[in-house]
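Enquirer: What would the 3D arrangement of this be:
(2 chains)
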Number of protein chains: 2
Amino acid sequence: MLGLMMHRPLLISGLIEHAARFHGDTEIVSRNADRSIFRYTYAEAERRAKRLAKALIAWGIKDGDRVATLAWNNHRHFELYYGISGIGAVIHTINPRLVPEQIKYMIEHAEDQALFFDESFLPIVKALAPQLKGVKHFVVMAEDSDDPAFLSYEALIRNEIPDLEWPQFEEDRASSLCYTSGTAGNPKGVLYSHRSTVLHAMAIGAPHCFNLDSTDSLCPVVPMFHVNAWGTPYGAAYSGCKFVLPGQYLDGESLCTLWRDEGVTITLGVPSVWQGALRYVDENKTDFGSLSRVVIGGSAAPKAMIDAFEDRYGVAALHAWGMTEMSPLGTVATYKYKHKGAGKDARRAIRSAQGRPPFLVEMKIVDEEGRRQPHDGVAVGELHVRGPWIASGYFKDEAATAKAIDQDGWFKTGDVASIDEDGYLHIKDRSKDLIKSGGEWISSIDLENAALAHEDIAYAAVIGVYHPKWEERPLMMVVMKPGRALDKAALLATLASRVAKWWLPDDIIAIEQIPFGPTGKILKTKLREQFGDYKLPMA
Amino acid sequence: MLGLMMHRPLLISGLIEHAARFHGDTEIVSRNADRSIFRYTYAEAERRAKRLAKALIAWGIKDGDRVATLAWNNHRHFELYYGISGIGAVIHTINPRLVPEQIKYMIEHAEDQALFFDESFLPIVKALAPQLKGVKHFVVMAEDSDDPAFLSYEALIRNEIPDLEWPQFEEDRASSLCYTSGTAGNPKGVLYSHRSTVLHAMAIGAPHCFNLDSTDSLCPVVPMFHVNAWGTPYGAAYSGCKFVLPGQYLDGESLCTLWRDEGVTITLGVPSVWQGALRYVDENKTDFGSLSRVVIGGSAAPKAMIDAFEDRYGVAALHAWGMTEMSPLGTVATYKYKHKGAGKDARRAIRSAQGRPPFLVEMKIVDEEGRRQPHDGVAVGELHVRGPWIASGYFKDEAATAKAIDQDGWFKTGDVASIDEDGYLHIKDRSKDLIKSGGEWISSIDLENAALAHEDIAYAAVIGVYHPKWEERPLMMVVMKPGRALDKAALLATLASRVAKWWLPDDIIAIEQIPFGPTGKILKTKLREQFGDYKLPMA
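Expert: Residues are numbered from 1 along each chain as shown, chains lettered A, B, ... in the order given. As a prediction, the model looks like this:
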């Protein structure tokens, strides 16, 4: 027997419609390429998204057609999010930090009909455009276009009237596409739906996740070209909060100034961005103003960073974990009822792990035979996940899909983890980054975090290298803070106080810089190419 | 084109499964009939709900079968919520304050297969049981049963093993049934679905609604037999907060003691309950302990009550508005971004109106021709609503369904309201309670609220009575606070400072008590029976 409730689909257009109608005068603020500030409201943003939608329809863009973007976090990108998905087309956000061949591969694989790009990416687009036969429209996201080959965004929407009613359709329809830049093989496309996007927006808004209230001022530093800026362009409209977009200026000074000027209360991004922000605030003896919390994801946050935010500046540091295939929210390190009266150390321990899943994310760790392991903090295995905002496969890639889904329909994350008795996730490593020494596993991530506890170390990376006796042993690479020199013995002593003795790296090398991938993760493949043949000193 | 996201249905069983797995040791506390306190955890509650589910399956209860409850807010009722809906059957919660004929009507109309009831309702059930031919099982929600005709709840589940896996099915399936006790005609059944219930739980949990965090201790005083205690048994599991159930003891002392003992941070109920709680705290010169907010709904909250909570006790008073047909959440009086720096008066004005809708509730006010009116705070019309947790009709009642839904598929609330420029709803009256004086409308609710601003008035009610010149004029009935006498001139002066002069009632009568209906609303039909022929003094 069916319930007698209205059949209203969960659509992305409903989010902007709600924000425009009930938070019509709440501001969206965006830093322009020339560093000036653009500001308007949800009501105006919706009207411009509708004008864009009408221009797309006039081009003949229809249900399921892909439209690509190559852009920073700015107000036109926000309008593209709603204008494209709102008419049933699919927004394909591309990471401009990828190499041109990868960008070309993704545009062709996605069969993009149009490409919208920021002026700063003009050189990339100019070089690629002649090879992109399938792309019918190139639009530079600016007032005017200097190049007759490219239309400007403002010229495109200038004559459109915002009299569109957002079409209604089934919520399972595709809305957005984002490729993961794997370290091996071709990028794989994750195809989100309206349903997954709306449920995810409701989830990140919850008090036990990012706690997005209508009175917040939210600034996503995580890019809109990377997993939809962790869902914040949708979460902002869901909660009706003020929305602050930093454009292309992600250095400490630019961010801290923007946050202060716009009363930002919550910001989100990867650890490397926060390093810059903390350095700026430290050096300038200032503080984070109205900022009450910072969400740290993408890579594990070093404990020292969490301590700096919470102890020095009174900003809650919320560790989060997810994946492109998870929209991305998997877990957030928020407290449970039992932690209400807990001491600082117990609470800090919660903050330092990856956190716990919100409702609708199911997770299990499995052994090599796929058997579910207990939540005891001891059992370690591969993490498998399930839920309505988790990928059931990859776009036009049956082989990758087959590899990613287990026999029960759960997604195999490739992460090795444990889950403790309170349900908190502890990521040990990417399965391919684990080091197997004498048949036992060593977590490169745990070693890296332990190294960052030493005050001279800016970055650390650990890979496994060949060892004649133990098969593999850890080799650590570190980048020193300015003016500091590597003292191996002191660093080993720091490590020894934090990890098992047999985990200690067999050697430590100071290097100039750690290679980071386009989403801010350490490129271990690069390190393995360079140091994989490193000959360990034999004890 | 469909997205490539997992198809996971939104099921009520998923809520308790999540709470049991990730908040397994968080407490559920319940006051027993003998006033003692029962306490256990989400993990134990889920196990007992599974044992109950297995007993129901053993009886032959299957998809869509209705199982009734006649019970207070207690832990067994909580288990019934999950055990019944979890297997795809429908929990039919009955308001025990209704007259026996209405209860009988509802059980027969719903075709209930079984009836679970608290011991305190034994007399009602004993009297009705012989007439309820369709009910195959009667279960008293207690350890033992003194009456051989009735099984006890504990005996029913005692030998069941909690080895059930919650079945998976489509989310549009019916989950629960609640009848509205209309003042005219037969009660009408609202049939909720798993989808509507889960989305509603996510909505009430949001920061801009009830803001349910995992660290909260939540106490619903609003009964579980009335619109699912406003969704709190689901919202509690969604957020993983502590859940405190007051049983049948809703007087000020019992509630305040429970809240203090269990560290309650949020509680919900109707104004008449809060009168009692405020009186207790006032008289005993105590405070509300850890309580940070109280949600007031069911009837409009007098401004004096909001002031008392916020100014005297530092407890945020959140006005909420909804209907059984809306699951019930329609609006909550929470602040928007623009109110951050607003002064006390502006903020209090927000608190005193009905509030604004969360995402997924759409609302419009329409004129007599059904045309949408502007959000300008001036235009007044009937309020129509739409959304995934709003009724599309009534159970087995085509005539009532046809009357309730407008030509565009929106639900006609029967309330007359305006919506201001900021999207806040202002309920003026039930359309049938408006007073039409000389062709102009007078709001009985506004007059009642104005009267409550006078310190001598405990309750006020206004009805329209015949007037030879103006057709209808307002007559006010008041209940005085203990020891106070009615001073008409003083009360009229208070009213005159708050409403238009031509709204002032033509007469005011002091009465012993106001008749309240089973959900705490003033029974104007009763007042009209008694005072409808009242002869107004002619000026």
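
Enquirer: Quick check: residues of the stretch 401-539 of chain A near chain B?
Expert: Of all the residues in the stretch 401-539 of chain A, those in contact range of chain B (Cβ under 8 Å from any Cβ of the partner chain) are A:409, A:411, A:422, A:423. (Glycine included, C-beta is placed from N, CA and C.)

Enquirer: for the third one, helix, strand, or coil?
Expert: Spelled out, it's residue A:422. Assigned state for residue A:422: coil (three-state reduction, DSSP: H, G, I helix; E, B strand; the rest coil).

Enquirer: Surely it and residue A:334 touch.
Expert: No: with contact defined as Cβ atoms under 8 Å, residue A:422 and residue A:334 do not form a contacting pair (11.7 Å).

Enquirer: got a list of what residue A:407 touches?
Expert: Under the criterion of Cβ atoms under 8 Å, 6 or more residues apart in numbering or on different chains, the contact partners of residue A:407 comprise residue A:370.

Enquirer: Chain B versus that one, what's the distance?
Expert: Using Cβ to the nearest Cβ, to the nearest Å, one gets 15 Å for the distance from residue A:407 to chain B.

Enquirer: Show the backbone phi and psi for that residue.
Expert: Here is the backbone geometry of residue A:407 (degrees, to the nearest 10): phi -70, psi -20.

Enquirer: where does residue A:182 land on pLDDT?
Expert: Confidence per residue is given as pLDDT, and for residue A:182 that number is 60.

Enquirer: Of residue A:422 and residue A:334, which one has the most company?
Expert: Comparing residue A:422 with residue A:334 by other Cβ atoms under 10 Å in any protein chain shown, the one with more neighbours is residue A:334, at 25 against 17.

Enquirer: Buried ones in stretch A:124-143, by neighbour count?
Expert: Residues A:124, A:125, A:128, A:132, A:135, A:137, A:138, A:139, A:140, A:141, A:142 are the ones in stretch A:124-143 that count as buried (16 or more other Cβ atoms under 10 Å in any protein chain shown).

Enquirer: Grab the two from these that are most spread out in space.
Expert: Using Cβ to Cβ, the buried residues of stretch A:124-143 span at most 19.7 Å, a distance reached by A:132 and A:142.

Enquirer: roughly how far apart are the residue in the stretch 401-539 of chain A that chain B sits nearest to and residue B:45?
Expert: When you check the stretch 401-539 of chain A against chain B by Cβ to the nearest Cβ, the closest residue turns out to be residue A:423, at 3.7 Å. Distance from residue A:423 to residue B:45, counting by Cβ to Cβ, to the nearest Å: 16 Å.

Enquirer: my read: residue A:393 touches residue B:6, true?
Expert: No: under the criterion of Cβ under 8 Å, residue A:393 lies out of contact with residue B:6, with a separation of 9.4 Å.

Enquirer: how much space between residue A:336 and residue B:214?
Expert: 5 Å.

Enquirer: Identify the contacts common to these two.
Expert: Common neighbours of residue A:336 and residue B:214 are listed as B:23, B:26, B:240 (criterion: Cβ under 8 Å, 6+ apart).

Enquirer: and those near chain A, which?
Expert: Restricting the shared contacts of residue A:336 and residue B:214 to those adjacent to chain A (criterion: Cβ under 8 Å from any Cβ) gives B:23, B:26, B:240.

Enquirer: Restricted to helices, list the residues you listed.
Expert: Using DSSP state H, no member of these sits in helices.

Enquirer: May I ask which helix or strand of chain A has the lowest mean pLDDT?
Expert: Among the helices and strands of chain A, strand A:440-442 carries the lowest confidence by mean pLDDT, DSSP states H and E, at a mean of 78.

Enquirer: helices and strands around that one, which ones?
Expert: If you count contacts as 3 or more Cβ pairs under 8 Å, 6 or more residues apart in numbering or on different chains; DSSP states H and E, strand A:440-442 packs onto strand A:435-437.

Enquirer: and the strand it packs on, which residues are buried?
Expert: Burial within strand A:435-437, assessed by neighbour count using 16+ other Cβ under 10 Å, is assigned to A:435, A:437.

Enquirer: That one pairs with which strands?
Expert: When sheet partners are counted by DSSP bridges, strand A:435-437 sits next to strand A:440-442 (antiparallel).

Enquirer: which residues touch the helix or strand that the strand it pairs with is followed by?
Expert: Downstream of strand A:440-442, the first helix or strand assigned by DSSP states H and E is helix A:444-452. Surrounding helix A:444-452, the residues in contact under the criterion Cβ under 8 Å, 6+ apart are A:300, A:302-304, A:427-429, A:433-435, A:457, A:459-464, A:474, A:476, A:478, A:491, A:494-495, A:498-499, A:503, A:505, A:524.

Enquirer: intersection of neighbour lists for residue A:422 and residue A:334?
Expert: Both residue A:422 and residue A:334 are contacted by residue A:356, under the criterion Cβ under 8 Å, 6+ apart.

Enquirer: what sits against residue A:516?
Expert: For residue A:516, counting by Cβ under 8 Å, 6+ apart, the contacting residues are A:272, A:522, A:523.

Enquirer: Closest one to chain A out of the shared contacts of residue A:336 and residue B:214, please.
Expert: residue B:26 (4.7 Å).

Enquirer: Local confidence estimate at that closest one?
Expert: In this prediction, residue B:26 carries a pLDDT score of 98.

Enquirer: same check, this time on residue A:538
Expert: 70.

Enquirer: Which strand or helix spans residue A:473?
Expert: Secondary structure assigned from DSSP H and E places residue A:473 in strand A:471-480.

Enquirer: Render the CA-only coordinates of that strand in CSV, please.
Expert: The C-alpha trace of strand A:471-480 is given here as CSV (Å, rounded to 0.1, in the frame of the first residue of the first chain):
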residue,chain,number,x,y,z
GLU,A,471,60.4,-7.2,1.4
GLU,A,472,59.4,-3.5,1.9
ARG,A,473,60.4,-0.9,4.4
PRO,A,474,59.3,2.8,4.8
LEU,A,475,61.3,5.6,3.4
MET,A,476,60.4,9.1,4.6
MET,A,477,60.7,12.3,2.6
VAL,A,478,60.3,15.6,4.4
VAL,A,479,60.2,19.3,3.4
MET,A,480,61.7,21.4,6.2
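
Enquirer: Noted, bye for now.
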